[in-house]
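> Fold the following and give me the result.
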Amino acid sequence: MNIVIADSHTICREALSQFIRHSDQALHVDSVGDYNGFLEAIDRNKPDLLLFDPELPGLAEACDALMFFQKNPTLRVGILATDTQADDTLYSSYVHGYFPKTMSSKEFVDGIQKVLRHEVFKPTEKFFDRVLQPRQSIEEVNLTSRERQVLTFLMRGASNKDIARALDLQVVTIKLHVRGICRKMNVKNRTQAALVALENGWE
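Numbering: from 1, shown residues only. Prediction:
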């Protein structure tokens with residue numbers, strides 16, 4: 001099955017794409033960063049599922065956006081949500097799933113599988129809670145210099161082995177750093193840590 005991710009944040013969409021591919025090798029993922037790329041990817045891949053950020057550049061100005069959904073009734077659509085208002089967007093009647101960027105990786109994959117089975121996915125309200133306050137600085141989280149290095153690699157979607165090789169450390173050491181990062185950031189896993197870091201502008 002084919003999935004298209006449309007999000008203006010390069011790190012975010014690349015991390016999500018890589019995670020989806022690792023979770024199920026039968027899923028082909030393409031990612032784009034603006035509305036024109038969104039249309040081209042859909043025409044090129046004929047996706048079974050489209051995951052998009054409502055704030056995608058060019059989408060608000062595209063008068064044919066709703067018409068596009070009307071003309072493609074078989075396309076499964078999911079919103080990459082950033083707050084509790086996601087289900088009140090202009091596109092709500094065409095959406096089959098809501099995916100908060102701060103949800104756990106397991107919930108994210110489960111939601112994708114549910115939408116692909118032609119069911120509707122909407123997580124419980126707790127998954128919409130922001131893990132960190134908007135615009136919180138990385139200094140406030142009090143990461144060590146090494147943890148900051150590791151977090152940068154997490155934001156690129158790197159594996160523990162890749163990070164260990166780049167920093168000339170043991171994989172077990174990287175695992176300990178990732179655990180420390182998640183604890184200090186109050187997140188459940190590495191994917192959530194990367195997405196929250198991006199949301200707070202720690203690029």
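> Please work out the average pLDDT along stretch 160-175.
Per-residue pLDDT values over stretch 160-175 give a mean of 92.
> Need the CA coordinates for that stretch. PDB is fine.
Taking Å, rounded to 0.1, in the frame of the first residue of the first chain, the C-alpha atoms of stretch 160-175 are listed here in PDB:
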ATOM      1  CA  ASN A 160      21.100   3.700  17.700                       C
ATOM      2  CA  LYS A 161      23.800   1.900  15.600                       C
ATOM      3  CA  ASP A 162      24.100   4.900  13.300                       C
ATOM      4  CA  ILE A 163      24.400   7.300  16.200                       C
ATOM      5  CA  ALA A 164      27.000   5.100  18.000                       C
ATOM      6  CA  ARG A 165      29.000   4.900  14.800                       C
ATOM      7  CA  ALA A 166      28.900   8.600  14.200                       C
ATOM      8  CA  LEU A 167      29.900   9.500  17.800                       C
ATOM      9  CA  ASP A 168      32.300   6.600  18.300                       C
ATOM     10  CA  LEU A 169      30.400   5.200  21.200                       C
ATOM     11  CA  GLN A 170      28.800   1.800  22.200                       C
ATOM     12  CA  VAL A 171      25.200   1.200  21.200                       C
ATOM     13  CA  VAL A 172      24.400   0.500  24.900                       C
ATOM     14  CA  THR A 173      25.700   4.000  25.700                       C
ATOM     15  CA  ILE A 174      23.400   5.500  23.100                       C
ATOM     16  CA  LYS A 175      20.500   3.600  24.600                       C
END
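> Would you mind pulling the contact partners of that stretch?
Arg146, Gln149, Val150, Phe153, Leu154, Ala158, Val178 (C-beta atoms under 8 Å, 6 or more residues apart in numbering). Quick note: C-beta positions are derived from backbone N, CA and C, even for glycine.
> Double-check that the second one belongs to a strand.
No: when DSSP: H, G, I helix; E, B strand; the rest coil is applied, Gln149 is found to be helix, with no strand at that position.
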